[in-house]
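A.B. asks: with the input below, show me the fold.
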Amino acid sequence: MTIRTTKTHLADGREFFYFDDSPDYAEGRKTRRLDDPRPLADRAAPFEDPATGRLVRPQGPEMRLDPLTGEWIPMASHRMNRTFQPAADSCPLCPAQVGGDYQDGEIPDTDYDVVVFENRFPSYWRAPGEAGADGSLADRGGGAPAPPPAPAGSALWRSRPADGRCEVICFSPDHTGQFARLGARRARTVIEAWAARTQALQAMDGIAQVYPFENRGAEIGVTLPHPHGQIYGYPNITPKTAAMLRQAAGYRQATGRHLLTDVFEAEAAGPRVVAESDHWVAYVPHAARWPVETHLAPRRHRLDLPALSSDERDDLAVFYPRLLRGLDRFFVQPDGRPVPLPYISGWHQAPVDPELRPLGRLHLQLFSIRRAPGKLKYLAGSESGMGAWISDTTPERIAARLREALAEAQGEGRP
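C.D. replies: Below you'll find the predicted structure:
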């Protein structure tokens, strides 16, 4: 299978990549449209501060340290104005309309296989250059106002630029499509894009970890229903990863062994396995929190997506959509109609830091807030306020139902 990657830039300077598997494009006989005709201002260009009349440089969002938890919280207020649930004929993730009027879409061409581009409304963004001498700007990466100065002499209030990277990945040009219905070839192209962008982001100065993920379903809070995901390059280790690394470091010190590998091997030999293939195992974890939750991991120890072999990627391109199709049958209406599952699915990869990196192991976590047809799990006081989780079911019940759902979905795949 040949996949061709073509890089260009959008009108405002953001990087954009086509990942093509269609033979004419993959083999170079045709080329996608590379220019973006929109009259967008270069987001990195200096501009005049209306308050002072001085020329200043754009500045990205900041993040502030919570002194009580040690967690960094991005202040991305410019995202308040991002696109929300547009109609199919004005979705910015659809291909440009053939012969249609100008629209503010992100895809220059009238068709594509898979595309990746920098988010127009990023939670993390590294602005070029430095701020003005007074440290304040009228525009901070898309309309976020400059933060108020910290109280004089205060050592509590720490902040830093949220200088990571946020990318969007579109899995299909079909506005009504979904990952579960991708054929093996197109799913393989998505996997290649995940791996390529992970490798590129890991090589960027200041990136601490890379997280490819997909949010699906209005119940999850998805603002664009078009089949897509995101790839975050964080400038810090996230709280979830930091907790796993602490556990892994303590386990290694106590036993000399690798925690995530031992957990995987125990789960792969246990009663909560829901599906397996030559290279992958899907299971419900021992302490699953969500009403529906499953993990997917390679049999061999891999640190991240770029480390996967060609055979592992081929296998994943068939196995993962099959798993998603089963999950879409986890809940059914009284008349037997399946209830589509809103979910979050994300790849946990080893961090970039060479001292922490050996503690990691590649695995995907997929979970849903749906607890029954027509019912969602809302985080109550104990969970939201204290982070003290209470499960509404048991992992064994989740695993048993998911095995049934996978059997029911057998044969629904595409070649």
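A.B. asks: could I get the helix or strand where residue 249 lies in PDB with only the CA atoms?
C.D. replies: Secondary structure from DSSP states H and E places residue 249 in helix 239-255. Output in PDB follows, covering the C-alpha atoms of helix 239-255 (Å, rounded to 0.1, in the frame of the first residue of the first chain):
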ATOM      1  CA  PRO A 239      -2.300  14.700  35.100                       C
ATOM      2  CA  LYS A 240      -3.500  11.300  33.800                       C
ATOM      3  CA  THR A 241      -0.100  10.400  32.400                       C
ATOM      4  CA  ALA A 242       1.800  11.800  35.400                       C
ATOM      5  CA  ALA A 243      -0.300   9.500  37.700                       C
ATOM      6  CA  MET A 244       0.500   6.500  35.600                       C
ATOM      7  CA  LEU A 245       4.200   7.300  35.500                       C
ATOM      8  CA  ARG A 246       4.300   7.700  39.300                       C
ATOM      9  CA  GLN A 247       2.700   4.300  39.600                       C
ATOM     10  CA  ALA A 248       5.000   2.800  37.100                       C
ATOM     11  CA  ALA A 249       8.100   4.300  38.700                       C
ATOM     12  CA  GLY A 250       7.100   3.000  42.100                       C
ATOM     13  CA  TYR A 251       6.400  -0.500  40.700                       C
ATOM     14  CA  ARG A 252       9.700  -0.600  38.900                       C
ATOM     15  CA  GLN A 253      11.600   0.400  42.100                       C
ATOM     16  CA  ALA A 254       9.700  -2.200  44.200                       C
ATOM     17  CA  THR A 255       9.800  -5.100  41.700                       C
END
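A.B. asks: and the lowest-mean-pLDDT helix or strand in the chain, what does it pack onto?
C.D. replies: Ranked by mean pLDDT, DSSP states H and E, the helix or strand of the chain with the weakest confidence is strand 47-48, at a mean of 77. Where contact means 3 or more C-beta pairs under 8 Å, 6 or more residues apart in numbering; DSSP states H and E, strand 47-48 is packed against strand 55-56. Placement of C-beta: from N, CA and C, glycine included.
A.B. asks: adjacent strands (with direction) for the strand it packs on?
C.D. replies: Applying DSSP bridges, strand 55-56 is found paired with strand 47-48 (antiparallel).
A.B. asks: hang on, the earlier thing: mind listing what's buried in the helix holding residue 249?
C.D. replies: Neighbour counts over helix 239-255 (16 or more other C-beta atoms under 10 Å) mark 241, 242, 244, 245, 248, 251 as buried.
A.B. asks: okay if I get those as CSV plus distance to residue 328?
C.D. replies: Formatted as CSV, those follow (distance: C-beta to C-beta, whole Å):
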residue, distance to residue 328
241, 29
242, 33
244, 28
245, 33
248, 33
251, 36
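A.B. asks: so how far does stretch 260-275 reach from one end to the other?
C.D. replies: Counting by C-alpha to C-alpha, to the nearest Å, you get 19 Å between the two ends of stretch 260-275.
A.B. asks: rebuild the buried residues of helix 239-255 as CSV, extending it with distance to residue 203 and pLDDT.
C.D. replies: Output for the buried residues of helix 239-255, formatted as CSV (distance: C-beta to C-beta, whole Å; pLDDT from 0 to 100):
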residue, distance to residue 203, pLDDT
241, 19, 97
242, 22, 97
244, 23, 97
245, 21, 98
248, 24, 98
251, 29, 98
